[in-house]
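In: Fold the stuff below for me.
(one chain, ligands or ions: 1)
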Amino acid sequence: MRSRNALRRVLAGAAVIAAAMTAALGGATAASAHDSLVSSTPAKGDSVSSLSEVTLDFSANLLGTDGGNLIIVVGSDGRHYESACAELAGPTLTTSVALGAPGDYQVEWRAVSSDGHPVSGVIPFTYTGESVSSGAEESPCAAAVGAGEAAPSTDAPASAGMSGLTIGLLAGGGAVVIVGILIVIILRTRSRED
Ligand SMILES: [Cu+2]
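Out: You can find the predicted model right below:
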């Protein structure tokens, strides 16, 4: 009887832990939202006659994760026109650019939100000025090489790829497994005692 009571206490403890984990994860998910892009230069759809720097302003300070914050500027010729790596200052991400022939361009960005999640977007704009660069086949920024269309990089923190929902489901699943194992142990103990 003694061991059965001990197991009951363990089971009750596991249930409490599972409930606490669910509450904590649920609260964390509700309290933290991704940072969003508030404004940019150029803005979406802008037509600019000169541009030496792309500036992206976010709703909160981004995380300075190495290689996680990225701006590339691609022409309709597929070439890169950013001339440096993105620099982070609080909520602002900037990079210098030297554009080529007038035409359609797009800024492709990716940033690590203050809650650790990656956010990304594309800002199409039109350039009407004179060509000051012939662009480059690849980004001059090592972090951007091979990143393609600002896709989340594989060297981002593991947690960055997981949404709160995913983490919640994993934790919930884990708790169900633990409780299930404890129930099996108790039933086996009970049948042995009977
Ligand atoms: Cu987030």
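
In: Can you give me the end-to-end span of stretch 98-105?
Out: 12 Å (Cα to Cα, to the nearest Å).

In: What of stretch 114-123?
Out: End to end - Cα to Cα - stretch 114-123 spans 21 Å.

In: List the buried residues of it.
Out: S114, D115, G116, H117, P118, V119, I123 (16 or more other Cβ atoms under 10 Å). Every residue, glycine included, has its C-beta placed from N, CA and C.

In: Now the two most distant members of the residues you listed.
Out: Farthest pair in those (Cβ to Cβ) is G116 and I123. Separation: 23.4 Å.

In: Could you measure from the residue in the chain that the ion sits nearest to over to E87?
Out: Closest to the ion within the chain is H117: 3.3 Å, counting by Cβ to the ion. To E87, H117 is 21 Å away according to Cβ to Cβ, to the nearest Å.

In: try A175
Out: For A175, the distance to E87 - Cβ to Cβ - is 43 Å.

In: These two: which is more packed in?
Out: Between A175 and E87, counted using other Cβ atoms under 10 Å, the more crowded position is A175 (18 against 13).

In: can you tell me how far the residue of the chain closest to the ion sits from L37?
Out: 14 Å.

In: distance between the ends of stretch 62-82?
Out: Per Cα to Cα, stretch 62-82 runs 20 Å from first to last residue.

In: is any part of that stretch close to the ion?
Out: No: Stretch 62-82 stays clear of the ion (Cβ under 5 Å from the ion), getting no nearer than 11.0 Å.

In: List the buried residues of that stretch.
Out: Buried residues in stretch 62-82 (16+ other Cβ under 10 Å): 62-63, 65, 67-75, 80-82.

In: Please apply the same query to stretch 90-105.
Out: For stretch 90-105, by 16+ other Cβ under 10 Å, it's P91, L93, T94, T95, S96, V97, A98, L99, G100, Y105.

In: which of the buried residues of stretch 114-123 lies closest to S52?
Out: Nearest to S52 among these: I123, at 16.2 Å, using Cβ to Cβ.

In: That closest one - that's part of a helix, no?
Out: No: counting by DSSP: H, G, I helix; E, B strand; the rest coil, I123 is located in no helix; its state is strand.

In: If it is in a bridge, with which residues?
Out: Taking DSSP bridges as the rule, I123 bridges to V107.

In: Please verify my assumption that it contacts S39.
Out: No: using Cβ atoms under 8 Å as the test, I123 is too far from S39 to be in contact (10.6 Å).

In: For C85, give me its contacts.
Out: Taking Cβ atoms under 8 Å, 6 or more residues apart in numbering, we find C85 in contact with T95, P140, C141, A142, A143, A144.
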